[in-house]
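Asker: Coordinates for the following, if possible.
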Amino acid sequence: MSRILSVCLLATLALPDLAQARDIRLSGSSTIAPVMLEIGKLFEASHPEIRIFVETGGSGKGLVDLRKGLVDIAMVSREMTEEEADLQSHPIAYDGIAALVPADNPLSDLSDEALRAIFTGRMRNWSELGGPDQPIVVVAKGEGRATSEVFNAYLGLTPDQIKGDLVAAENAQMIKTVSVTLGSIGYVSIGAALLDIGYGVPVKLIPLGEVPPTADHVADGSYGAVRPLNLVTQGSPPADIAELIAFSQSAEVAEIIRALTYVPVRP
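Answerer: Numbering: from 1, shown residues only. Modelled structure (predicted):
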């Protein structure tokens with residue numbers, strides 16, 4: 001009996017880490033989510049008492065979840081607004097936005113005016129731009145997506161002006177939809193698209209502006225539509241969350257961020 005009690009006591013003493021486990025929850029941008037999943041794994045390896053949960057749904061959802069106290073960190077892939085001045089943003093990387101078409105589209109660039117005409121429904125066939133006689137299928141993103149906000153702001157459009165034929169939620173869905181839809185055009189995170197193009201997905205990027213949409217041009221600031229990838233908190237975060245944020249901004253994880261074709265804040 002005493003031996004059984006001793007074993008039970010040892011088992012109980014071995015459980016304090018599990019009992020004291022701290023969950024850190026993140027919600028928001030589908031652009032940032034893959035980055036934080038990889039960084040989270042590395043952080044958990046050196047912090048066994050912490051578990052990190054990452055949920056997507058768009059930057060807007062992340063901010064709503066944060067204000068409701070449902071998560072500790074919102075992932076927001078755009079500049080913060082004046083209405084969000086009460087929140088603290090912590091950039092971990094930079095990314096760009098570009099238009100996206102199937103790889104077999106013969107066009108390699110489009111003027112800002114052409115993009116405005118396409119996405120507002122004033123131009124409906126690729127032949128009007130020197131392309132094939134093929135209907136243009138506009139793929140837009142849903143509300144609350146930072147990619148849409150940055151894209152619309154660059155072109156000077158409001159959400160109600162966008163005439164989408166199809167709607168995609170996250171970057172992965174946008175890339176998949178454009179890759180299999182003849183005559184389609186959408187807009188997407190440069191980093192997410194470059195990663196999939198590297199894996200052979202048949203899509204290609206069309207720049208916003210005249211500078212090619214590459215990570216190098218995002219890094220040197222020459223690309224026209226660049227955005228920060230932010231971790232956002234309500235006020236000063238507690239020590240463990242502050243440590244995760246600092247780790248996400250550190251040179252230690254820069255290679256993880258570059259591998260996902262984004263530009264880290266630390267070289």
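
Asker: Quick check: buried residues in stretch 186-201?
Answerer: Buried residues in stretch 186-201, counted by 16 or more other CB atoms under 10 Å: 186-197, 201. (Glycine included, C-beta is placed from N, CA and C.)

Asker: where do the strands sit along the protein?
Answerer: For the chain, the strands defined by DSSP state E occupy 22-28, 50-56, 73-76, 87-102, 137-141, 166-168, 184-189, 203-206, 226-234, 263-264.

Asker: Export those strands as a markdown table, with columns for distance to residue 257 and mean pLDDT.
Answerer: Converted to a markdown table, those look like this (distance: least, CB to CB, whole Å; pLDDT from 0 to 100):
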| stretch | distance to residue 257 | mean pLDDT |
| --- | --- | --- |
| strand 22-28 | 16 | 97 |
| strand 50-56 | 15 | 97 |
| strand 73-76 | 14 | 98 |
| strand 87-102 | 5 | 98 |
| strand 137-141 | 23 | 96 |
| strand 166-168 | 24 | 96 |
| strand 184-189 | 13 | 98 |
| strand 203-206 | 19 | 98 |
| strand 226-234 | 9 | 97 |
| strand 263-264 | 4 | 96 |
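
Asker: May I see the ones you listed organised as CSV, with distance to residue 177 added?
Answerer: As requested, these are exported to CSV (distance: least, CB to CB, whole Å):
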stretch, distance to residue 177
strand 22-28, 21
strand 50-56, 17
strand 73-76, 22
strand 87-102, 9
strand 137-141, 5
strand 166-168, 5
strand 184-189, 7
strand 203-206, 10
strand 226-234, 22
strand 263-264, 26
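
Asker: now stretch 249-256, how far from the centre of its chain.
Answerer: In terms of CA atoms, centre = their mean, to the nearest Å, the centre of stretch 249-256 is set 17 Å apart from its chain centre.

Asker: Can you give me the end-to-end span of that stretch?
Answerer: 11 Å (CA to CA, to the nearest Å).

Asker: likewise stretch 63-80?
Answerer: End residues of stretch 63-80 are separated by 11 Å (CA to CA).

Asker: List the residue ranges of the stretch 101-250 of the chain that fall below the pLDDT cut-off.
Answerer: Within the stretch 101-250 of the chain, no stretch falls below the threshold (pLDDT under 70).

Asker: pLDDT wise, what is the spatially most central residue of the chain at?
Answerer: In the chain, the centroid-proximal residue (CA atoms, centre = their mean) is residue 31; its distance is 1.2 Å. In this model, residue 31 is scored at 95, pLDDT.

Asker: Quick check, it in contact with residue 192.
Answerer: Yes - counting by CB atoms under 8 Å, residue 192 is a contact partner of residue 31 at 6.2 Å.

Asker: Quickly list what's touching both of these two.
Answerer: residue 171 (CB atoms under 8 Å, 6 or more residues apart in numbering).

Asker: what ranges do the helices span in the stretch 51-200 of the chain?
Answerer: 59-67, 112-119, 146-155, 171-180, 190-198 (DSSP state H, counting those that start in this stretch).

Asker: could I get those as CSV with distance to residue 128?
Answerer: Output for these, formatted as CSV (distance: least, CB to CB, whole Å):
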stretch, distance to residue 128
helix 59-67, 33
helix 112-119, 8
helix 146-155, 18
helix 171-180, 19
helix 190-198, 25
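
Asker: Those helices: which one's closest to residue 237?
Answerer: helix 59-67 (11.1 Å; CB to CB).

Asker: Going by neighbour count, list what's buried in the closest one.
Answerer: 59-66.

Asker: try stretch 253-261
Answerer: 253-254, 256-258, 260-261.

Asker: what's that stretch in contact with?
Answerer: Residues from elsewhere that reach stretch 253-261 (CB under 8 Å, 6+ apart): 34-35, 38-39, 42, 92-93, 190-192, 194-195, 198, 215, 247, 263-264, 266-267.

Asker: how about a cut-off of 6 Å?
Answerer: Identification of contacts with stretch 253-261 by CB atoms under 6 Å, 6 or more residues apart in numbering yields 34-35, 38-39, 93, 191, 194-195, 215, 264, 266.

Asker: So which of the buried residues of stretch 253-261 is the closest to residue 80?
Answerer: residue 257 (20.1 Å).

Asker: That's all I had, so thanks and see you.
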